[in-house]
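In: 3D model of this:
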Amino acid sequence: MKAGFRTKVFFAAFVAAAFSLLALAVLLAWQVRERQRAEIERHLSDGAHLVADLLSKATTLAGPELDEEADRLGQIIAGRVTFIAEDGHVVGDSTQSEAELPALENHLARPEVVAARERGFGSTQRYSDTVGTDMVYVAVRASHPVVSYVRLALPLTDVDAQLAAIWRAALGALAAAIPLALLVSWLVSASLARRVSAIARVAERYSAGDLTLPVYEHGSDELGTVARALDDSVQQLGGRIEELSRDRARMEAILGGMVEGVLVVDRQGRLQLVNRAAQKMLRVEPTAAGRLYQEVIRHPDITEQLTAALHGDESGGQELTLARDPGRTLLTRAAPVTGPSGGAVLVLHDITDLRRADQIRRDFVANVSHELRTPLTAIRGYVEALLDGPADAESTRKFLEIIARHTTRMERLVKDLLRLARLDARQELLETARCDIKQIFNAVTADLAPSIEAKRQHIALDVAPEARQVDGDPAKLHDIVRNLVENAVNYSPEETEVRLGAVQDNGTYLITVADSGPGIPSDDLTRVFERFYRVDKSRSRPGGTGLGLAIVKHLVELHGGEAVAANRPEGGAVFTVRLPVAGSW
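Out: Next up is the predicted model:
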């Protein structure tokens, strides 16, 4: 279970009080021990010098007499007295009998003896295996024929007794102070806990999005100052967040509604923003934000523009096509972002429709000029021949027939152009009625009978019973079928079959016109409905204005349908008109 703030404060105060008391006891014990040790060492030093002085005057003492003298002096000093020869052997000890002396270790390597040999005096503290307690040792040089060192030692039992008394007093004081420390710590922690809990509740409310100011008083101490600073900071931050949210929503709405693509990178070259238009143009995933633009954009010209913009260079507009979508033309422009954040912004304009429209306009002008120049040249030639005076009336009649034929062709061309202009301007309206598609097929076949009979072709009808009736504009449906059938008759060889059909398929009304011609190259299937569009020479236009399929496409779209071209597996082309069954155009 996780401890709360009040519990932590309580234990912290209690542990601090207990630790302080223990630290005081430890310090006091250490001071007492050090002072007692220094006092014992001073006492032993005085005694050692006194014993050494006595021995210097009793030069006749030797053998058992030295051990007896050590015992006598040990009783006087109330400590251990040891006489050590020059070679380190003990020759007298107040705690050992004469018979036990030979069994004692050599004392020449004892620290206090080494110090006495080098400096004349040495002291140390250690555990004595001989007497079984901690001892303070002091050794001095002696002027005696046998004894070279006098060592005195006192146990620290008195010091340990005093320390034990101090520890008993400290533990007693600690036991007595525990209840008071508990009470004070609990009261202090309760007050702090209430205030901290109140601040925590306000912070949780802030984190949940509620930035309203609290109504309670924080107090005048440091905790209150921190709480008020927190409130002020949150209010300022909340205002800025709200403002940034509005700006961001406004910016996202603007960028999302733009048809231009916008791409923003930071100074490290990482994508910060890619609007929907740019994602579609460059095929960038929405999750690409944060990645380097070189990893996401595979077009070298665009990456070069962004690199130049990141170095502070502003490039002009550049028109380019994408390798993954060669049919699309983009106009790109990159510029550096000024300000502390830095970076670069790339704007992409999709000018595909503009370039296509411009190309269609140029092709249209060129095709119209060509279509008009051919009959005009013929008319002018035959008119000049007539002006020169032909040889007979038969030649004159033949020239006039040719002039009339070319004039009719120009009239049809101008008529079709005017109709396309009206369809583009949506000036033609539908007059919807219930139509019999088989009757329309028969009417068109009758209109084109001379051409069909001249090529000895056969018209095959296949109208499903449920597709006999269709909702549409009768005149415009007639024009649709006529243009398609005329196109099929013109491109089908002699003595072949042209198939006309009508079915209903999954809520769609289908009208099909299939010829037996050479078919359409796959690259041209999507463009045969363009004005004056020509396929290869094997499918070059044998007659007509070249605008029939374009008129068909517009009339079908006016009905809310679609016209498509395809190749038949057995050979030839098939044109399919899809119309809504319910006539929802």
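In: stretch 297-317: how far from the chain's middle?
Out: 23 Å (C-alpha atoms, centre = their mean, to the nearest Å).
In: in that stretch, what's buried?
Out: For stretch 297-317, a neighbour-count test (16 or more other C-beta atoms under 10 Å) marks Ile297, His299, Asp301, Ile302, Thr303, Gln305, Leu306, Thr307, Ala308, Ala309, Leu310, Ser315 as buried. Placement of C-beta: from N, CA and C, glycine included.
In: quick one, what contacts the fifth one?
Out: Taking C-beta atoms under 8 Å, 6 or more residues apart in numbering as the criterion, Thr303 is in contact with Tyr293, Gln294, Ile297.
In: what of the first one?
Out: The neighbours of Ile297, taking C-beta under 8 Å, 6+ apart as the test, are Leu263, Leu282, Val284, Thr303, Leu306.
In: need these in TSV with pLDDT, distance to Glu497 and secondary structure, can you?
Out: Output for the contacts of Ile297, formatted as TSV (pLDDT from 0 to 100; distance: C-beta to C-beta, whole Å; DSSP: H, G, I helix; E, B strand; the rest coil):
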residue	pLDDT	distance to Glu497	secondary structure
Leu263	84	57	strand
Leu282	80	50	helix
Val284	81	52	coil
Thr303	84	57	helix
Leu306	85	60	helix
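In: turn the residues you listed into JSON lines, including distance to Glu557.
Out: Formatted as JSON lines, the contacts of Ile297 follow (distance: C-beta to C-beta, whole Å):
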{"residue": "Leu263", "distance to Glu557": "35"}
{"residue": "Leu282", "distance to Glu557": "31"}
{"residue": "Val284", "distance to Glu557": "33"}
{"residue": "Thr303", "distance to Glu557": "41"}
{"residue": "Leu306", "distance to Glu557": "41"}
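In: taking the buried residues of stretch 297-317 one by one, which sit in helices?
Out: Counting by DSSP state H, the buried residues of stretch 297-317 place Asp301, Ile302, Thr303, Gln305, Leu306, Thr307, Ala308, Ala309, Leu310 in helices.
In: the buried residues of stretch 297-317 into JSON lines, with extra columns for distance to Ser522?
Out: Output for these, formatted as JSON lines (distance: C-beta to C-beta, whole Å):
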{"residue": "Ile297", "distance to Ser522": "32"}
{"residue": "His299", "distance to Ser522": "28"}
{"residue": "Asp301", "distance to Ser522": "31"}
{"residue": "Ile302", "distance to Ser522": "32"}
{"residue": "Thr303", "distance to Ser522": "34"}
{"residue": "Gln305", "distance to Ser522": "36"}
{"residue": "Leu306", "distance to Ser522": "38"}
{"residue": "Thr307", "distance to Ser522": "40"}
{"residue": "Ala308", "distance to Ser522": "41"}
{"residue": "Ala309", "distance to Ser522": "42"}
{"residue": "Leu310", "distance to Ser522": "44"}
{"residue": "Ser315", "distance to Ser522": "39"}
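In: which of these has the weakest pLDDT?
Out: pLDDT across the buried residues of stretch 297-317 is lowest for Ser315, at 71.
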